[in-house]
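Novice: fold the stuff below for me.
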Amino acid sequence: MTNYWLMKSEPNVYSITDLKKEGKTIWDGVRNYQARNFLRQMQPGDLCFFYHSNVTPPGIVGLMQVVESDVIDPTQFDSQSPYYDAQSCLESPRWQTVIVEFVKVFPEMISLTTLKQMFHQEELLLIRRGNRLSVMPVAKKVADQILQIAQQ
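Specialist: So this is what the prediction gives:
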């Protein structure tokens, strides 16, 4: 069974265009335990909505697929990385992630405003007040509606 997720990235850091150009990438640098736990639940074949954050307007811009799960995030061991974690060790790494591949860019961004009009905060974690997670699950019913809008 395919699970659905939403993953945020600031487009000036890494955008859907970057993913399209590269084909696939490691989704590194997540340093929130709840988001990390969601990454740990992902399986190959799961679909992820690519959300551009910290832009005006923010929104879902495309789709990617998990191709490898339970990947050790190498940035935790790189002292030159902003995602370095001095408490993490090779024998027991704290941060796991996934490798995702590009699926498609949506013809039109589905803005946060549109998502707030379509869904209640109980349906979509993204629109819950105070939610700052960069990785979150999306219920199949909600994912189906988002995919339907993206095709219009």
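Novice: neighbouring strands for the longest strand seen in the chain, and are they parallel or not?
Specialist: In the chain, assigned by DSSP state E, the strand with the most residues is strand 96-111. The pairing partners recorded for strand 96-111 under DSSP bridges are strand 24-26 (antiparallel), strand 59-72 (antiparallel).
Novice: just checking, next helix/strand downstream of that strand?
Specialist: The helix or strand immediately downstream of strand 96-111 is helix 112-118, counting by DSSP states H and E.
Novice: mean confidence score for that following helix?
Specialist: Averaged across helix 112-118, pLDDT comes to 96.
Novice: most tightly surrounded among the strands paired with strand 96-111?
Specialist: Highest mean neighbour count among these (mean count of other C-beta atoms under 10 Å): strand 59-72, with a mean of 19. The C-beta positions use only the backbone N, C-alpha and C, and glycine is treated the same way.
Novice: hmm, back to that, what's the closest of the strands paired with strand 96-111 to residue 34?
Specialist: strand 59-72 (17.2 Å; C-beta to C-beta).
Novice: could you dump that closest one to CSV, C-alpha only?
Specialist: Output of strand 59-72 as CSV, limited to C-alpha atoms (Å, rounded to 0.1, in the frame of the first residue of the first chain):
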residue,chain,number,x,y,z
GLY,A,59,2.5,25.7,-1.7
ILE,A,60,2.7,22.2,-3.2
VAL,A,61,4.7,22.3,-6.4
GLY,A,62,5.1,18.6,-7.4
LEU,A,63,5.5,15.0,-6.6
MET,A,64,8.4,12.7,-5.7
GLN,A,65,8.7,9.1,-4.8
VAL,A,66,10.7,7.3,-2.1
VAL,A,67,13.2,5.0,-3.7
GLU,A,68,15.3,4.1,-0.7
SER,A,69,14.4,4.2,3.0
ASP,A,70,16.3,3.9,6.3
VAL,A,71,19.3,5.8,4.9
ILE,A,72,21.8,7.3,7.4
